[in-house]
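Colleague: Predicted model and sequence below, questions to follow.
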Amino acid sequence: MDAQSFVEYLTHSRCRDRLVHVARLPAHPPHYAELAPPLPAPIREILQRQGVGRLYIHQAEAMRAARAGQDVVISTGTASGKSLCYILPALEALLRVPGARALFIYPTKALAQDQLRALRELLKGGLPRLTVATYDGDTDP
């Protein structure tokens, strides 16, 4: 069920008495930013294969902060590219520092599996020396 159908369901179901407010916000155009220096070529190629030609402002700002060694907290809407805010700095460091490792910690197995699938899809055909895997309670000792 898409978001519009879900809202319609809620406003016309027995749940409608529990709704306090429903608002429809208009879409707005995306805002992009450039990175200086740009991402390394292998990472740019991976992104282009995924249809990501430019970074959103929040992604570029997160990348700049990570490069400066600052802590980063991102809060944006669903499907706004938050994952790239931590994946891109990690990939850049993995390319730059021989023997580097990245550890991503998720609060649930389902989210870890979802992010694993997304990361494997992102890396498909690029950066073959990288291995991604999960380690959880079901991992064989």
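Modeller: In hand now; what should we look at?
Colleague: Could you check how far the helix or strand of the chain with the lowest mean pLDDT is from the centre of its chain?
Modeller: Ranked by mean pLDDT, DSSP states H and E, the helix or strand of the chain with the weakest confidence is helix 3-12, at a mean of 83. Helix 3-12 sits 27 Å away from the centroid of its parent chain (CA atoms, centre = their mean, to the nearest Å).
Colleague: Show me which positions of that helix end up buried.
Modeller: By neighbour count, and taking 16 or more other CB atoms under 10 Å as the criterion, helix 3-12 has no buried residues at all. Placement of C-beta: from N, CA and C, glycine included.
Colleague: what about the strands in the protein?
Modeller: Across the chain, reading from the start of the chain, the strands by DSSP state E fall at 32-33, 55-56.
Colleague: Could you give the average pLDDT over the last one?
Modeller: Just to be clear, that refers to strand 55-56. This predicted structure assigns strand 55-56 an average pLDDT of 96.
Colleague: Contacts for that strand next, please.
Modeller: Applying CB atoms under 8 Å, 6 or more residues apart in numbering, the external contacts of strand 55-56 come out as Pro30, His31, Tyr32, Ala33, Glu34, Leu35, Met63, Ser80, Gly81, Leu84.
Colleague: Pull the residues that contact the least confident helix or strand of the chain.
Modeller: Residues from elsewhere that reach helix 3-12 (CB under 8 Å, 6+ apart): Met1, Cys15, Arg16, Leu19, Val22.
Colleague: Report pLDDT for the first one.
Modeller: Looking at Met1, its pLDDT reads 79.
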